[in-house]
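Novice: okay, here's the prediction I keep looking at, along with the sequence it came from:
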Amino acid sequence: MKYFLMTASAFALIACDNADLASTTSPAETEVVETVEVDIVSAEDTLDAVLAEQSDETKARYDQRHPKETLMFFGVEPGMTVVDSLAGQVWYAGILSDYLGADGAVIGADYSMDMWPLFGGFATEEWIENRRNWKTDFVNGVDENRGEGDAPVSAFNFGSLPEEKHGSADVVMMVRAAHHFNRFEDVSGFFTEALTDAMNVLKPGGTLGVVQHRAPEGHADEWATGDNGYVKQSRIISFIESAGFELVEASEVNANPQDQPSEEDIVWRLPPTLATSEEGSELRTQLEAIGESDRMTLKFRKPE
């Protein structure tokens, strides 16, 4: 988009009465109006360009994860500092580094090291020990793909927010991470801990954006704690509000009405994990047709 700018003296000339102007100025004395073309690039245009440059593998997920709509809903713009919870090399930290630019910053945030042993299964002692290097590994991994002018990247673990990061962030994103915080809240207050860090890292008026697998409100609360991946929207809202945040708006941008789980289902039956079906099976075909989970998308605000 281009605008034409005029000098202040030119505006003064235009404001004069035409007759007075003709009688008091000669052609030689009339000031020449200068025009300057200014390119205005919107945040949306920048995001479109960034998303278009991602890999084909990443772009194949757009119709399921709606990155443009999600980031725009949360109000993320170039130059901001954004915390990405349970950050990955692409989703969302890699995209954010490209989008926020050199004047912005990406802060990755991982689960507390005290929380990982509660997962069991894959979280063996060796795996957990290797996870202690996550901050360095994450930063190095994103840095390998950073281009000139991309946002710098740093990281912390929830429960260990450095003092110097307090009040530094414009947005905290908690995308598909709240179910694990919620499922272990009764063990050691991990959801409370994460929300305390989110409150502390945000600037006054900053945004907490949540995308979370959504449980049907009619299902049993015991099924919807997060153990199965799903949490009720009413639970997420009430708990985050009890931590001092204000709900600004809810969006259905990541809704999927085809995802209708029973109380025997887990979210990981669906793409991309497809944990409960064999390749080539009829069940897998059915689950692939459903797509990724039905998700709430919530925008909260830290009070001024």
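Specialist: Looks like it arrived, so ask away.

Novice: wait, L202 touches G167, no?
Specialist: Yes: counting by CB atoms under 8 Å, L202 touches G167, with 7.3 Å between them. Bear in mind the C-beta positions are built from the backbone N, C-alpha and C, glycine included.

Novice: which one's the longest strand in this protein?
Specialist: The longest strand of the chain (DSSP state E) is strand 202-215.

Novice: right, and the helix or strand after it?
Specialist: For strand 202-215, the following helix or strand on the C-terminal side (DSSP states H and E) is strand 231-232.

Novice: report the secondary structure state of the residue nearest in space to the middle of the chain.
Specialist: Centroid-nearest residue in the chain: M173, 4.3 Å away (criterion: CA atoms, centre = their mean). Assigned state for M173: strand (three-state reduction, DSSP: H, G, I helix; E, B strand; the rest coil).

Novice: what is it paired to in the beta sheet?
Specialist: Beta-bridge partners for M173, by DSSP bridges, are D84, G209.

Novice: separation between it and F300?
Specialist: Using CB to CB, to the nearest Å, M173 is found at 11 Å from F300.

Novice: could you pull out the strands for the chain?
Specialist: With DSSP E as the criterion, the chain has strands spanning 2-5, 36-39, 81-85, 105-110, 153-157, 169-175, 202-215, 231-232, 246-251, 295-301.

Novice: tell me the most buried of the ones you listed?
Specialist: strand 81-85 (a mean of 27; mean count of other CB atoms under 10 Å).

Novice: show me the contact partners of that strand.
Specialist: 76, 92-93, 96, 100, 104-109, 158, 168-175, 177, 194, 198, 201 (CB atoms under 8 Å, 6 or more residues apart in numbering).

Novice: mind giving me the domain ranges of the chain?
Specialist: 1-40, 43-301 (automatic domain parsing).

Novice: ok, back up a step: mind exporting the longest strand of the chain as PDB, just the C-alpha atoms?
Specialist: Presented in PDB, the C-alpha positions along strand 202-215 are these (Å, rounded to 0.1, in the frame of the first residue of the first chain):
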ATOM      1  CA  LEU A 202       4.300 -10.600  30.600                       C
ATOM      2  CA  LYS A 203       4.200  -6.800  30.400                       C
ATOM      3  CA  PRO A 204       1.100  -5.200  31.900                       C
ATOM      4  CA  GLY A 205      -1.700  -5.600  29.500                       C
ATOM      5  CA  GLY A 206       0.100  -8.500  27.800                       C
ATOM      6  CA  THR A 207      -1.700 -11.500  26.200                       C
ATOM      7  CA  LEU A 208      -1.800 -15.100  27.300                       C
ATOM      8  CA  GLY A 209      -3.000 -17.200  24.300                       C
ATOM      9  CA  VAL A 210      -4.200 -20.800  24.800                       C
ATOM     10  CA  VAL A 211      -4.900 -23.400  22.200                       C
ATOM     11  CA  GLN A 212      -6.000 -26.700  23.800                       C
ATOM     12  CA  HIS A 213      -7.700 -30.000  22.900                       C
ATOM     13  CA  ARG A 214     -11.300 -29.500  24.000                       C
ATOM     14  CA  ALA A 215     -13.300 -32.100  25.900                       C
END
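
Novice: which other helices and strands contact that strand?
Specialist: Strand 202-215 sits against helix 67-74, strand 169-175, helix 178-183, strand 231-232, helix 233-242, strand 295-301, with contacts defined as 3 or more CB pairs under 8 Å, 6 or more residues apart in numbering; DSSP states H and E.

Novice: want to throw these into CSV with mean pLDDT?
Specialist: Formatted as CSV, the helices and strands packed on strand 202-215 follow (pLDDT from 0 to 100):
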stretch, mean pLDDT
helix 67-74, 98
strand 169-175, 98
helix 178-183, 98
strand 231-232, 98
helix 233-242, 98
strand 295-301, 98
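
Novice: so which of the ones you listed gets nearest W116?
Specialist: For the helices and strands packed on strand 202-215, the distance to W116 is smallest for helix 178-183, at 9.8 Å, taking CB to CB.

Novice: and the gap between the residue nearest to V211 when sequence neighbours are not counted and S154?
Specialist: The shortest distance from V211 to any non-neighbouring residue, by CB to CB, 6 or more residues apart in numbering, is to V175 (4.4 Å). Distance, V175 to S154, by CB to CB: 18 Å.

Novice: ditto for E129
Specialist: 22 Å.

Novice: for A250, which non-adjacent residue is spatially closest?
Specialist: Closest to A250 by CB to CB, 6+ apart is L298, at 5.4 Å.

Novice: ok, the one you found touching G209?
Specialist: Yes: counting by CB under 8 Å, G209 is a contact partner of L298 at 7.3 Å.

Novice: cool, thanks, signing off.
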